[in-house]
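Novice: Need a 3D model of the sequence below.
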Amino acid sequence: MNSASRERNPPFTNATGTPNSSDLRAVRHFRTDGIFACVTPESTNLPSSGHLILWRFRADWRSASRDEAYSWLSVAKRERAKRYPNRAAAKRYLVGRATLRQILSRMLDCGPGTVVLGDGADG
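Specialist: Numbers count the residues shown, from 1 in each chain. Below you'll find the model as predicted:
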């Protein structure tokens, strides 16, 4: 997909703004314009201006081995997970960070460990 068509159409949609029939992973979310939910986080489409792509996945979802996913995370993130009140919360945090890196790496065409994420004043 070229950048011109990315700007014209929100992710996963055709020229009329409806989900592409060939991409059943995309669904409208709460009938809110510009917000789409993806059943699987495999898309490489970038959101157009004013649009949001929302991924939802289970903490037990695995598209990479534990060791591979951990290698993508900084020591600080792994240490932060150790301070969570229980193992389930720590696992959700780590899986979420690793999955975010994997999704963004597909969109940016780079390795998950090379995606630069930072914490700002709002998190």
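
Novice: And the helices in the chain?
Specialist: Shown for the chain, the helices assigned by DSSP state H span residues 3-8, 66-72, 75-82, 87-108.

Novice: Now render these as CSV, adding mean pLDDT, mean neighbour count and distance to residue 122.
Specialist: (Each C-beta comes from the backbone N, C-alpha and C, glycine too.) What follows is these, written out as CSV (pLDDT from 0 to 100; neighbours: other CB atoms under 10 Å; distance: least, CB to CB, whole Å):
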stretch, mean pLDDT, mean neighbour count, distance to residue 122
helix 3-8, 41, 11, 27
helix 66-72, 86, 14, 23
helix 75-82, 91, 12, 17
helix 87-108, 87, 17, 16
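
Novice: nearest to residue 56, of those?
Specialist: Each of these was scored for nearness to residue 56 using CB to CB, and the closest is helix 87-108 (10.5 Å).

Novice: For the closest one, which helices and strands make contact with it?
Specialist: Secondary-structure packing of helix 87-108 (3 or more CB pairs under 8 Å, 6 or more residues apart in numbering; DSSP states H and E): helix 66-72, helix 75-82.

Novice: Can you lay out those helices as a markdown table showing distance to residue 116?
Specialist: As requested, the helices and strands packed on helix 87-108 are arranged in a markdown table below (distance: least, CB to CB, whole Å):
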| stretch | distance to residue 116 |
| --- | --- |
| helix 66-72 | 12 |
| helix 75-82 | 13 |
